[in-house]
Each structure stands twice: as structure tokens, then as C-alpha cells.
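**Q** With the sequence up front, the predicted model follows.
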Amino acid sequence: EDQVTQSPEALRLQEGESSSLNCSYTVSGLRGLFWYRQDPGKGPEFLFTLYSAGEEKEKERLKATLTKKESFLHITAPKPEDSATYLCAVHSENTDKLIFGTGTRLQVFP
Amino acid sequence: DGGITQSPKYLFRKEGQNVTLSCEQNLNHDAMYWYRQDPGQGLRLIYYSQIVNDFQKGDIAEGYSVSREKKESFPLTVTSAQKNPTAFYLCASSWGQYNEQFFGPGTRLTVL
């Protein structure tokens, strides 16, 4: 069965303290892995798409990487405005639907 | 400005009533989706449509209905048969089935 697991569930960082969020997936064939940012009470905002192992994408303080079993969202020198829930989702060859993880809630304190 | 709009932002319903949530997109996307989000759970797919006049059930379609009469619009009706309808509902769209999905701002439905 296709599965997506995100860790940790919650992460508290001091401003400037870099860290990584993890998204582990189990699928029979990966069509694409997606990262989203979601602020409280709002819809998810698209960040990145990764298609194959070794691929990397960057946007401001965020960098997403992909291996055959997991993806990392690296946050470099975070600021309080980076506080949000980060969602990971995968498309597998088994299904035509996106499978979402439960998210990592990030809080960055000044 | 291209994007996805959902209305209303907040909706209150009495038990036994049907309600319809609106979703409109001007991105010229072919595919549209409805998700439900509950605390501590991942987004769950209710219905999706890859083309006008066609739609498929997602993982939790019971108690919901949709229509896709226009490319831009994909309304969701929450019927009285839905046993636990209080949730945050999200509409999304994409160019194709395997492309990234873009989400609307959501509708929070509360059953009184």
C-alpha cells in the first residue's frame, strides 16, 4: 500500500537555526513528490515538485531534495515568517490520486 | 489575477440540511479536486474531475456529490447523508492528472 510519513510532527526552531524536515514514502513507482506550505486557516501553497532521485530544488531559504525512499526540506537560517505547516504528497504509479502526509508544524521564534 | 476561489469562507449548517460549496478557477486547468482536511489527518480526496462532464469518486465520497458542467467550476454538495461534515474543505486544480495541484483558500463548514 502506498504511504507517506512526515517527521517530526512538530519542530520549534530559534531564528537562524537551520534544520530539515523529512518525508518518507513507500510507493511502487514514483511519478512525482510535492511540497506545500500551509498557514493556519488557509489553503496549501505549492512549493516544489521533484521527480527523480538526486533532484534538488531551491526557493529562498528552502531547499528540497529527493532520494529513492525519502525527501528532505532543508530550511536555512529560518525566520519567524517561515512558521507554517509543511505538507508532503506523492503521486504513485499505483493510483491517479495524490497521497498526503500529515505534515510538520514548524514554529520559528525570534 | 489567475487563481482559485472558494466561497463562502465560513458556512454553518443545521443537521439535515444540504449545502453547496463553490469552487471556481481561471487557470484554464483541466483537472479539479475536492479534499477534506481534519486535525491530525492528511488531506483526503472526496471527488475529482479530469474533464468537463466527468468525475470520479475519491476515498471518502459517501455523503457528497459534485458536478462539472463548466471547465471553470466544480461545486461540492454536502448532503444530509454525510455523518460528520464539520471540516475544512479545500478545492484544487491542475493542468493534468499528474501535475502539481494548486489550492483555493478553503471553506470551513460547521454543523450546528
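**A** Received the coordinates, thanks. Just so you know, these numbers come straight off a predicted model, no measurement behind them. Residues are numbered from 1 along each chain as shown, chains lettered A, B, ... in the order given.
**Q** Tell me which stretches of the chain form strands.
**A** Here I'm looking at chain A. Listed in chain order, the strands of chain A (DSSP state E) span A:3-7, A:10-14, A:19-26, A:30-38, A:45-50, A:56-59, A:62-66, A:70-75, A:84-92, A:98-100, A:104-109.
**Q** hm, I was asking about chain B
**A** B:4-7, B:10-13, B:19-25, B:31-37, B:44-51, B:54-57, B:64-66, B:76-78, B:87-94, B:102-103, B:107-111.
**Q** And the fourth one, how far out from the chain middle?
**A** So that's strand B:31-37. 5 Å (Cα atoms, centre = their mean, to the nearest Å).
**Q** and what of the last one?
**A** Between the centre of strand B:107-111 and the centre of its host chain there is 12 Å, according to Cα atoms, centre = their mean.
**Q** next one: the fifth one
**A** For strand B:44-51, the gap between its own C-alpha mean and the chain's C-alpha mean amounts to 8 Å (Cα atoms, centre = their mean).
**Q** got a list of what the nearest residue to B:Tyr89 once chain neighbours are set aside touches?
**A** With sequence-adjacent residues excluded and distances taken as Cβ to Cβ, 6 or more residues apart in numbering or on different chains, B:Tyr89 is closest to B:Thr107, at 4.8 Å. Any C-beta I mention is one placed from the backbone N, CA and C, and that applies to glycine too. Neighbouring residues of B:Thr107 by Cβ atoms under 8 Å, 6 or more residues apart in numbering or on different chains: B:Gln6, B:Ser7, B:Pro8, B:Lys9, B:Tyr10, B:Leu11, B:Leu21, B:Phe88, B:Tyr89.
**Q** Apply 6 Å and report the result again.
**A** B:Gln6, B:Leu11, B:Leu21, B:Tyr89 (Cβ atoms under 6 Å, 6 or more residues apart in numbering or on different chains).
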